[in-house]
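Chemist: generate coordinates for the sequence data below:
(one chain, ligands or ions: 2)
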Amino acid sequence: MLNSLRSIVQEVNGARDLKSALEIIVTRVRAAMETQVCSVYLRDPDGNYVLMATEGLNTSAVGQVRLRPDEGLVGRVVTREEPINLEQAESHPSYQYFPETGEERYSSFLGVPIIHHRKVLGVLVVQQVERRRFDEGDEAFLVTMSAQLAGVIAHAEATGVMVAFGQKTAEAKFLGASGAPGIAVGEAVVMTPPADLRSVPYKKCDNVDAELEFFQQCLAAVRNDIKGLGEQLKTRLNREEQALFDAYLAMLDDASLGGEVTERIRQGTNAPYAWAEVILEHERTFNSMNDAYLRERATDLRDLGRRVLSYLQESTQKCRIYPDRTVLIGEELTASMLGEIPKDKLVGLVSVQGSSNSHVAILARAMDIPTVMGAVDLPYTQMEGRTAIVDGYKGVVYSDPSDQLLKHYKAIYQEEQELVKGLEALKDLPCETLDKHRLPLWVNTGLMTDVVRSLERGAEGVGLYRTEVPFLLRDRFPSEEEQRVIYREQLEAFAPHTVTMRTLDIGGDKSLPYFPIEEANPFLGWRGIRVTLDHPEIFLAQVRAMIKASEGLDNLRILLPMITSVPEMEIAKSLIYRAFNELLEENHDVRLPPIGVMIEVPAAVYQARELAARVDFLSVGSNDLTQYLLAVDRNNARVADLYQAYHPAVLRALRQVANDGHSQGVSVGICGELAGDPGAAVLLMAMGYDVLSMNATNLPKVKAVIRSITMEQAESLLDEVMVLSDADQVTDKVNQALRDAGATRLIRPQVDDALPASAS
Ligand code: PEP
Ligand code: MG
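Modeler: Ligands and ions are numbered 1, 2, ... in the order given. Presented below is the predicted three-dimensional model:
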């Protein structure tokens, strides 16, 4: 059973669209359960359940049989959200007869709901003529199958919407995580790694004759390559092995793959997509065969597929012209891909893989490009040329938006632009409340571009310089001298303001290409200070570089990430002292910088007092603190709703850290994303935080809100909020306070509140 379960799921996963996914399900499940009928019903946009695929019922009923959730046995499975297993279905009160299915012959019925994200997506049904009580094992098999398939169907459904509609447009919404805030509306451009058969974007071909000729040219080029390869290896291969090259050549013929692709091009699909589609279909067939030799042939096919595809893509990629408002979409965007697009044309980014902490997201925030990460259900290969909306606040992407939705987002975009313009005037004004309480606003940096933007926006210091960013951009660890140069640049740019440099924080989801860390549970594994304490040579070189870089400027602070205990901090501190003493011995004219720890794990919250007594400052990393307190992976789109920065537990922890740090007379700051949230900034100020450090984009907004409120108002808001028991109540209360302070426009756009019904 386990084997067939696995292989069915694998096969369904490989399906190119919803229709083929469903067909695989019904065929394979029927065979595995040795029953006569297997059908899938899926929910349509009106909330009815439609027969979408069947093996055993009349196939002409597909798309015709449609049930309300209160109709028939299928409806009953939907409303009960539980399996129904009947030996004699026709005598059940909910039984309903649909002549078009030929259903009256089937007596036994087992239906299980297909549930995804708490919603019943559909129902998976097996039936049989003879009375048969499907046993517990059958039921468990179907339930397991359905649970496994729910995500696949949801994904295929998203893809299927677009494939089914072909070139017609239908608005669709895809969830991901926020990568960089802001709204972008533009034309989708799909960027794929070269010669990747699974990620070829769908495109129509307008000139069939020219496309056919181009395809033949590419085939000819590959034939040449293969012949050349065969010649080269002739003396080293036996006759049988040489025959493989002939087999390759034959596959390219019109009677074989070449002919199938030609047919699809004639029907209007461009050559790269048609080729990839044909290869993948054949690959699936080979893979599903029991014969190991034939399964091996799938590898040859893939190889041939890639060879031809690289020719097909070579000429198309070269002469790419980017639209004026490009929304770049890819399975896994990389920094180098961003570089290919003229900066003034790039308005938004969407990556199917990755998280808000991925390198590309950090870069996007630095460049102020609205970005959605981890949009796992986005059928990105179908997106080329479509209109896309990137909602970088909520981490949502829309394709082919309705006019109404476009209008709505364009209005928000316009408002944003005006807001940014209006806020420019605040650059040189102090960040202080109406009753003159000063709150320094610092920035988080990582790249040189951040520095320029931060200074333009009036940052008063750097609360977090993420040193892993320059490490990520290289193909080996930078040397001590290379690091010194980079750090010097940061320190000089901000001098005399303080620059807080965090020691290397890798692990978790930040792995260096040249120092991979592979673990089952990376966020609870070897990350942050744990890595660098195990590698003192890396830590010492970095700290030496930092201290040397600060020579004559003396504006450096050193911050230690992921501290979970006092001894960890003590060891790190002693290494810093050691580096400092070495530098003195080497006659560098340097000062010992203030040393601080990040409070980003619950253990550090409960030991904030002990830690504070031994360092010069504390800085809360609310991004990680929230994930560890709430046990919610900060990068997992599936649990993104549970990642609540305003969760009462988080707020209590934040207040406790401020109090405990102050009890030891040290400065307490915060450098997580929460600091850049205007509403949260008010609460943090009231808790007594001495400095807020955030991305440069949000700095003017936070300044505006602080300047529109009194400390007294902030404190009474905090009192009210701290007695609330859930995050939504806190959000409402904070938003109301911002409205009362006349700062309505600074509230994080509640985009969904005003969305047209189709989009929510
Ligand atoms: C944090 O965890 O809040 C933080 C600032 O560090 P990073 O986001 O780099 O993990
Ligand atoms: Mg962190």
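Chemist: surely Asp534 touches Gly525?
Modeler: No. Asp534 lies out of contact with Gly525 (Cβ atoms under 8 Å); the separation is 11.8 Å. Any C-beta I mention is one placed from the backbone N, CA and C, and that applies to glycine too.
Chemist: tell me the pLDDT at the closest residue to Leu447 other than its chain neighbours?
Modeler: The shortest distance from Leu447 to any non-neighbouring residue, by Cβ to Cβ, 6 or more residues apart in numbering, is to Ala366 (4.9 Å). pLDDT for Ala366: 72.
Chemist: what about Ala366, how many neighbours?
Modeler: As a burial measure, Ala366 scores 24 neighbours (other Cβ atoms under 10 Å).
Chemist: contact partners for it?
Modeler: Contact analysis of Ala366 by Cβ atoms under 8 Å, 6 or more residues apart in numbering lists 445-447, 449-450, 453, 695-696.
Chemist: surely it is in a strand?
Modeler: No. Looking at Ala366 with DSSP: H, G, I helix; E, B strand; the rest coil, it is helix, so not inside a strand.
Chemist: the more surrounded of Asp534 and Gly525?
Modeler: Gly525 (14 against 10).
Chemist: leaving out chain neighbours, which residue sits closest to Thr532?
Modeler: Nearest residue to Thr532, sequence neighbours excluded (Cβ to Cβ, 6+ apart): Phe539, at 4.0 Å.
Chemist: from Ser716, how far off is that neighbour?
Modeler: Distance, Phe539 to Ser716, using Cβ to Cβ, to the nearest Å: 45 Å.
Chemist: repeat that for Val26.
Modeler: For Val26, the distance to Ser716 - Cβ to Cβ - is 62 Å.
Chemist: what about those two, which has more around it?
Modeler: Val26 (22 against 13).
Chemist: returning to that earlier point: secondary structure class for the residue nearest to Thr532?
Modeler: Three-state call for Phe539 (three-state DSSP): helix.
Chemist: do I have it right that it meets Asp505?
Modeler: No. Proximity of Phe539 to Asp505 does not meet the contact threshold set by Cβ under 8 Å, at 11.7 Å.
Chemist: just the buried positions in stretch 130-145, please.
Modeler: Of the residues in stretch 130-145, 132, 134, 138-139, 141-143, 145 count as buried by neighbour count, 16 or more other Cβ atoms under 10 Å.
Chemist: so what's the residue count around Ala53?
Modeler: Using other Cβ under 10 Å, Ala53 has 23 neighbouring residues.
Chemist: leaving out chain neighbours, which residue sits closest to it?
Modeler: According to Cβ to Cβ, 6+ apart, the nearest residue to Ala53 is Leu22 (3.6 Å).
Chemist: that neighbour and Tyr41 touch, don't they?
Modeler: No. Using Cβ under 8 Å, Leu22 is not in contact with Tyr41, being 10.2 Å away.
Chemist: which neighbours do the two have in common?
Modeler: Common neighbours of Leu22 and Tyr41 (Cβ under 8 Å, 6+ apart) are Met52.
Chemist: what about the helices in the stretch 101-250 of the chain?
Modeler: Assigned by DSSP state H, counting those that start in this stretch, the stretch 101-250 of the chain shows helices spanning 136-165, 208-233, 239-251.
Chemist: what does the protein have sitting close to ligand 2?
Modeler: The chain has residues 600, 621, 624 near ligand 2, with proximity defined as Cβ under 5 Å from the ion.
Chemist: now for the closest residue to Asp435 other than its chain neighbours: which residues touch it?
Modeler: In space, and not counting its chain neighbours, Asp435 is closest to Thr710: 4.4 Å by Cβ to Cβ, 6+ apart. When contacts are counted by Cβ under 8 Å, 6+ apart, Thr710 is found next to 433-435.
Chemist: okay but Glu564 is in contact with Ala604, surely?
Modeler: If you look again at residue 564, you'll see it is Thr, not Glu. Yes. Using Cβ under 8 Å, Thr564 is in contact with Ala604, at 6.2 Å.
Chemist: can you list the domain ranges for the protein.
Modeler: According to automatic domain parsing, the chain comprises the domains 2-165, 171-425, 436-743.
Chemist: so how far is the shortest one from its chain's centroid?
Modeler: Chain-centre distance of domain 2-165: 30 Å, with Cα atoms, centre = their mean, to the nearest Å.
Chemist: same question, the second one
Modeler: The chain centroid and the centroid of domain 171-425 are separated by 17 Å under Cα atoms, centre = their mean.
Chemist: quick test: name the residue nearest the centre of the chain.
Modeler: Gly374 (1.5 Å; Cα atoms, centre = their mean).
Chemist: roughly how far does that one sit from ligand 2?
Modeler: 18 Å (Cβ to the ion, to the nearest Å).
Chemist: state the phi and psi torsions of that residue.
Modeler: In terms of degrees, to the nearest 10, the main-chain angles of Gly374 are phi 60, psi 40.
Chemist: OK, contacts around it?
Modeler: Per Cβ under 8 Å, 6+ apart, neighbours of Gly374: 176-177, 351-355, 395, 635-637.
Chemist: among those residues, which ones are buried?
Modeler: For the contacts of Gly374, a burial check counting by 16+ other Cβ under 10 Å picks out 176-177, 351-352, 354-355, 395, 635, 637.
Chemist: mind listing residues that contact stretch 134-141?
Modeler: Outside stretch 134-141, the residues within contact range by Cβ under 8 Å, 6+ apart are 1, 5, 32-33, 35, 83, 85, 108, 110, 112, 126, 142.
Chemist: okay, the residues you listed in JSON lines with distance to Gly258 next?
Modeler: Formatted as JSON lines, those follow (distance: Cβ to Cβ, whole Å):
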{"residue": "Met1", "distance to Gly258": "41"}
{"residue": "Leu5", "distance to Gly258": "37"}
{"residue": "Ala32", "distance to Gly258": "36"}
{"residue": "Met33", "distance to Gly258": "39"}
{"residue": "Thr35", "distance to Gly258": "40"}
{"residue": "Pro83", "distance to Gly258": "48"}
{"residue": "Asn85", "distance to Gly258": "50"}
{"residue": "Ser108", "distance to Gly258": "48"}
{"residue": "Leu110", "distance to Gly258": "45"}
{"residue": "Val112", "distance to Gly258": "44"}
{"residue": "Val126", "distance to Gly258": "41"}
{"residue": "Leu142", "distance to Gly258": "42"}
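Chemist: now for those residues: which two are most distant?
Modeler: By the measure Cβ to Cβ, Leu5 and Ser108 form the most distant pair in the contacts of stretch 134-141, at 21.4 Å.
Chemist: what about the two, which has more around it?
Modeler: Higher neighbour count among Leu5 and Ser108: Ser108, with 22 against 17, using other Cβ under 10 Å.
Chemist: next structured bit after the host helix or strand of Leu406?
Modeler: Using DSSP states H and E, Leu406 maps to helix 403-424. Note on helix 403-424: by DSSP H and E, the next helix or strand toward the C-terminus is strand 441-445.
Chemist: and the angle for the following helix or strand past that following strand with strand 441-445?
Modeler: Next along the chain after strand 441-445, taking DSSP H and E as the criterion, comes helix 448-456. Relative orientation of helix 448-456 and strand 441-445, computed by axes from the mean of the first three to the mean of the last three Cα atoms, to 10 degrees: 170 degrees.
Chemist: contacting residues around helix 448-456?
Modeler: Residues outside helix 448-456 that contact it (Cβ under 8 Å, 6+ apart): 366-368, 427, 443-445, 462, 489-490, 493-494, 695-697, 699.
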